[in-house]
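Visitor: coords please:
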Amino acid sequence: MNALVPRSAAPSRAAGHAPACAVHLIDKRTGAAHRVNGTPLVIFTRQPDLAVAELLAGRDPGIWEARIDAIETGGRT
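Guide: This is a model prediction of the structure:
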């Protein structure tokens, strides 16, 4: 899954059963990930809705968006 997610549209699931995700902060003007000291800002989580809210808190929604990428688990259940 590779999706750009508006501020309030992130999926909500129970943390124990949700797939692992990487949540990136994206600058809409450039399409590039926000970087801190040259490293892309990413949050690894099983609760992407909370990560999206944290990344977008206090930011202009006209400039910033969050991208959620599912992380393959290698067949583990």
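Visitor: quick one: residue 20 from residue 71, how far?
Guide: Distance from residue 20 to residue 71, counting by Cβ to Cβ, to the nearest Å: 4 Å. Any C-beta I mention is one placed from the backbone N, CA and C, and that applies to glycine too.
Visitor: Pull up the overlap in contacts between these two.
Guide: By Cβ atoms under 8 Å, 6 or more residues apart in numbering, residue 20 and residue 71 have these common neighbours: residue 44.
Visitor: which stretches of this protein form strands?
Guide: Taking DSSP state E to define them, one finds strands in the chain at 2-5, 21-27, 35-36, 39-40, 42-45, 64-70.
Visitor: Show the pLDDT at residue 71.
Guide: Looking at residue 71, its pLDDT is 92.
Visitor: pretty sure it contacts residue 44?
Guide: Yes - using Cβ atoms under 8 Å, residue 71 is in contact with residue 44, at 7.3 Å.
Visitor: neighbour-wise, which of the two wins?
Guide: residue 71 (13 against 10; other Cβ atoms under 10 Å).
Visitor: Tell me where the chain is predicted with low confidence.
Guide: Counting by pLDDT under 70, the chain shows low-confidence ranges at 1-16, 75-77.
Visitor: Grab the most central residue of it for me.
Guide: With distances taken as Cα atoms, centre = their mean, residue 23 lies nearest the centre of the chain, 2.2 Å away.
Visitor: Run a quick neighbour tally on the closest residue in space to it that isn't next to it in sequence.
Guide: Nearest residue to residue 23, sequence neighbours excluded (Cβ to Cβ, 6 or more residues apart in numbering): residue 51, at 4.1 Å. Residue 51: 22 surrounding residues under other Cβ under 10 Å.
Visitor: now residue 17
Guide: A total of 7 residues lie near residue 17 under the criterion other Cβ under 10 Å.
Visitor: For residue 47, see how far away it is.
Guide: Counting by Cβ to Cβ, the gap from residue 17 to residue 47 is 11 Å.
Visitor: Might you report the residue contacts of the residue nearest to residue 29 when sequence neighbours are not counted?
Guide: Sequence neighbours aside, residue 63 is the residue nearest to residue 29 in space, at 6.4 Å (criterion: Cβ to Cβ, 6+ apart). Going by Cβ under 8 Å, 6+ apart, residue 63 touches 27, 28, 29.
Visitor: Appreciated, that's everything.
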